[in-house]
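K.L.:
Requesting a structural model of the entry that follows:
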Amino acid sequence: MGLPGDNTPVTMLNVFGSMYGTKNKKAHYMVDNLGMNGRDVEYYSDKDLLIGATINIYGRAIILTDCDEFTKQYYKEKYEVGKQNN
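P.N.:
Numbering: from 1, shown residues only. Below is the predicted model:
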């Protein structure tokens with residue numbers, strides 16, 4: 001998983017100066033010519049977030065152990081998770 005903002009169409013590099021309130025008239029910006037954002041990025045979706053699932057957040061394994069009643073109802077309706085079989 002990448003960080004927020006990793007998957008943007010264009011990366012602008014601030015080569016000289018600052019963006020706001022600069023007195024530097026030589027401020028210069030350029031597009032990232034290395035194409036660092038040209039890679040595929042995968043994001044988690046609701047189907048990945050099940051109780052007992054392990055997800056990776058910033059390099060750490062997180063086990064999902066519980067959720068609120070609204071979320072339980074959502075998963076029951078959308079994925080039939082947690083419904084009792086009669």
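K.L.:
how about low-confidence regions in the protein?
P.N.:
Where the chain drops to pLDDT under 70, the residues are 1-41, 83-86.
K.L.:
Got the domain ranges for it?
P.N.:
Using automatic domain parsing, the domain ranges for the chain come out as 1-42, 46-79.
K.L.:
Start and end of the shortest one, how far apart?
P.N.:
The first residue of domain 46-79 is 10 Å away from its last residue (C-alpha to C-alpha, to the nearest Å).
K.L.:
ok, now how distant is Ala61 from Ile55?
P.N.:
8 Å (C-beta to C-beta, to the nearest Å). The C-beta positions use only the backbone N, C-alpha and C, and glycine is treated the same way.
K.L.:
out of those two, which sits in the more crowded spot?
P.N.:
Legend: neighbour count by other C-beta atoms under 10 Å for Ala61 and Ile55, higher for Ile55 (14 against 8).
K.L.:
OK, contacts around the closest residue to that one other than its chain neighbours?
P.N.:
Distances taken as C-beta to C-beta, 6 or more residues apart in numbering place Ile62 nearest to Ile55, at 5.4 Å, with adjacent residues excluded. For Ile62, the contacting residues are 54-56, by C-beta atoms under 8 Å, 6 or more residues apart in numbering.
K.L.:
Please identify which helix or strand holds Asn56.
P.N.:
Using DSSP states H and E, Asn56 maps to strand 54-57.
K.L.:
And for that strand, what's in contact with it?
P.N.:
Residues outside strand 54-57 that contact it (C-beta under 8 Å, 6+ apart) are 1, 44, 48-49, 61-64.
K.L.:
Can you tell me which of these is closest to Thr71?
P.N.:
Nearest to Thr71 out of the contacts of strand 54-57 is Leu49 (C-beta to C-beta; 8.6 Å).
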